[in-house]
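Peer 1: coords please:
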Amino acid sequence: MRRATGEWAAERTAGWGSGLLGVIIFSGSLPATRVAVASFSPLFLTSARAVIAAALGAALLSMLRQARPERGDLASLGIVALGVVVGFPLLTALALQHITAAHSIVFIGLLPLATALFGVLRGKERPKPPFWLFSGVGSLSVAGFALSQSGGASLTGDLLMVLAVLLCGLGYAEGAALSRRLGGWQVISWALVLALPAMAVVALATMPDAWTGVGAPAWAGLAYVSVFSMLVGFVFWYRGLALGGIAGVGQLQLLQPFFGLGLAGLLLGEPVAWTMVAATGLVVLCVAGAKRFA
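Peer 2: Reported below is the predicted structural model:
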């Protein structure tokens, strides 16, 4: 019994570690999208990143000779594709034409709550009541900090981000539940392959008329969201959600905006205010509390 408990604890700890790596990778997604969407249309960016990631995922599935998912899994894979392959990338790309990347952090801070809610609905999880308190305080902390730092707002951009968060939370929860049987990287790879035909058609129809005006930053942004945001990050993220619990590990997303600001300070030389450090400390406490009661 004691050994089984120890193995369960080790599994959950590994899940939280894997989830943290996923969050760190995802932290660069919105800045990379913001850069890329300056040269590519939102439809092309969304479809191109899906096509590139699908090609890589299909190669992995083939090389490692993974069995095809059962017919009953197709509906769940379709939900994953709708949420994280099409919905979130497209809606955030559209939103970032109206709002700044900093303002979008307001909504990313609400993603853990959306993931937890769909984890209850789709993953049949039942977190303890204090979990919701820590999750709510953490989300409000992130949203409050981001709102105080953002300088631009647009109703259209805000509504697009709300829809993006809802679809992303659904895709996260559905993929995590499926990952318990298929494996994390297999789920995102099969979801990408499922969406490939439609995404390839959209990419061909919306590709730029001329490529000469596309600069290196836009290509780098496309490469990042295609390889890391769309595939590599999900390998760690879905594994973390499956092992550590959807609702609990999902709270690690509260740290994503602060990782993004930290990277901006480290790589771009942007100042890091004391308010960011204070807010980060509060969020870390909320994540620890949510982990305790998940």
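Peer 1: the helix or strand harbouring residue 190 - what's its average pLDDT?
Peer 2: Assigned by DSSP states H and E, residue 190 belongs to helix 184-206. Mean per-residue pLDDT for helix 184-206: 94.
Peer 1: I'd say residue 194 and residue 79 touch.
Peer 2: No - Residue 194 lies out of contact with residue 79 (CB atoms under 8 Å); the separation is 10.5 Å. Bear in mind the C-beta positions are built from the backbone N, C-alpha and C, glycine included.
Peer 1: neighbour count: those two, which is higher?
Peer 2: residue 79 (22 against 19; other CB atoms under 10 Å).
Peer 1: so who does the more buried one touch?
Peer 2: 170, 171, 174 (CB atoms under 8 Å, 6 or more residues apart in numbering).
Peer 1: one more: residue 133?
Peer 2: By CB under 8 Å, 6+ apart, the neighbours of residue 133 are residue 289.
Peer 1: can you check residue 77 too?
Peer 2: 69, 178, 187, 190, 191, 194.
Peer 1: just flag the most distant two among the residues you listed.
Peer 2: 178 and 194 (12.2 Å; CB to CB).
Peer 1: where does the prediction get shaky in the stretch 51-200 of the chain?
Peer 2: 101-103, 105-106, 109, 123-125, 142, 145-147, 149-153 (pLDDT under 70).
Peer 1: try it again at 80.
Peer 2: 99-110, 112-117, 119-132, 134-136, 138-155, 158 (pLDDT under 80).
Peer 1: show me the helices in it, by range?
Peer 2: For the stretch 51-200 of the chain, helices defined by DSSP state H, counting those that start in this stretch occupy the ranges 74-80, 88-95, 101-108, 111-122, 129-149, 155-182, 184-206.
Peer 1: to residue 214, which of those helices lies closest?
Peer 2: helix 184-206 (13.7 Å).
Peer 1: tell me which of the contacts of residue 77 is nearest to residue 16?
Peer 2: For the contacts of residue 77, the nearest to residue 16 is residue 187 (19.0 Å; CB to CB).
Peer 1: neighbours of that closest one, how many?
Peer 2: 29.
Peer 1: hmm, back to that, pull out the buried positions in the helix holding residue 190.
Peer 2: For helix 184-206, burial by neighbour count (16 or more other CB atoms under 10 Å) applies to 184-196, 199-200, 202-203, 206.
Peer 1: after that helix comes which helix or strand?
Peer 2: According to DSSP H and E, the helix or strand after helix 184-206 is helix 216-224.
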